[in-house]
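> Test case, fold it:
(4 chains)
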There are 2 protein chains.
Amino acid sequence: METYLELEPLTTSQCNNKLNAVGDALYVIGGKWKLRIIIALKEGHSRFNELQRTIPGISAKVLSQELKDLELNGFLERRVHADTPVVVEYLPTAYTATLKNVLEALSEWGEMHRQKLREEGNK
Amino acid sequence: METYLELEPLTTSQCNNKLNAVGDALYVIGGKWKLRIIIALKEGHSRFNELQRTIPGISAKVLSQELKDLELNGFLERRVHADTPVVVEYLPTAYTATLKNVLEALSEWGEMHRQKLREEGNK
DNA sequence: GTAAGTAGTATACAAAAGGTAAGTAGTTAC
DNA sequence: GTAACTACTTACCTTTTGTATACTACTTAC
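The predicted model follows:
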């Protein structure tokens, strides 16, 4: 369509692919809690109440919803141990490991951004 | 606190830092549209209606809101050319460039995820 | 028996995010 | 003058997300 600007590195369709890919990613790992939960899982927190304590501000209802969502999308396995005290474990799957680069990039950028805000606050 | 698992690479405070950093990042670039708009800006689309055409599904209201937000957070510069037909340009700033790794990681992961979904659909 | 911990669900409500449709105010084209 | 394009704003509505509180059901501790 309108490619009237001198330097446009991507074609319209390539640009749309990139837009869609980022959209797809945000669709499954976007939102306030998904990545936080995934990080907590990767750190070894596997029990419901433990996760709720680890992630500040999340309610039982939202945690429950998000865990179901993450299970549906293949990011975790819900393992129920039907022993005397019923214990439920949420464990990250191999697919979760594919998010490594995303998590690193986001966490690095987030730290950098926080640093920037701190500096601006001191002005 | 509970470091009962054999392999826990981060301390509790390091884990919290990571959680917070990702939270900070999602706070400014999360949501349905922010990254899409940033990508469109980086592709050289700079005018309001052009952006609206480039980003499928966004309304004028939401685009307007998000542009204000992005400007406040230093991701773009709003340049008004007060010539006869008033032209407004939205231009990505140098700070936007710091998102490079984040965008690449997200777009790569998104493509991979889409591929996975396609394969599962064919089963 | 009472309190606290396990893993949640139910219910009601509030707030935030996002979407629709129309309007404004000016310019340009025919 | 009428239609279309520029860059939005406004009012209203729906959907999503989150909060708060209570409740189930079972176990362990005192």
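> all contacts plus neighbour counts: C-alpha atoms, from now on.
Noted.
> who does the one helix or strand residue A:23 maps to touch, helix- and strand-wise?
Residue A:23 is part of helix A:12-29, with elements assigned from DSSP states H and E. Counting contacts by 3 or more Cα pairs under 8 Å, 6 or more residues apart in numbering or on different chains; DSSP states H and E, helix A:12-29 packs against helix B:34-42, helix B:100-122.
> can you tell me which residues contact the closest residue to residue A:99 other than its chain neighbours?
In space, and not counting its chain neighbours, residue A:99 is closest to residue B:109: 7.1 Å by Cα to Cα, 6 or more residues apart in numbering or on different chains. Contacts for residue B:109 (Cα atoms under 8 Å, 6 or more residues apart in numbering or on different chains) come out as A:21, A:25, A:98-99, A:102.
> In PyMOL, how would I select the buried members of these?
With 16 or more other Cα atoms under 10 Å in any protein chain shown as the criterion, this PyMOL line picks the buried residues out of the contacts of residue B:109:
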select buried, chain A and resi 21+25+99+102
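> Pull up the per-residue confidence for the residue most central in space within chain A.
Centroid-nearest residue in chain A, with Cα atoms, centre = their mean: residue A:35, separated by 2.1 Å. Looking at residue A:35, its pLDDT stands at 91.
> Quick check: it vs chain B, distance?
Residue A:35 is 8 Å from chain B, where distance means Cα to the nearest Cα, to the nearest Å.
> What of residue A:55?
For residue A:55, the distance to chain B - Cα to the nearest Cα - is 8 Å.
> Compute the distance between that residue and residue A:74, please.
Separation of residue A:55 from residue A:74 (Cα to Cα, to the nearest Å) stands at 21 Å.
> which one of those two has more residues nearby?
Legend: neighbour count by other Cα atoms under 10 Å in any protein chain shown for residue A:55 and residue A:74, higher for residue A:55 (19 against 14).
> List phi and psi for that one.
Per-residue torsions, residue A:55: phi -100, psi 100 (degrees, to the nearest 10).
> Contacts only, for it.
A:36-37, A:40.
> Next: residue A:49.
Contacts of residue A:49 were listed using Cα under 8 Å, 6+ apart, and none were found.
> and it, what element?
Assigned by DSSP H and E, residue A:49 falls in helix A:48-54.
> and the next helix or strand after that helix, how far from the chain's centre?
Moving toward the C-terminus from helix A:48-54, the next helix or strand (DSSP H and E) is helix A:60-72. Taking Cα atoms, centre = their mean, to the nearest Å, one finds helix A:60-72 lying 13 Å from the centre of the chain it belongs to.
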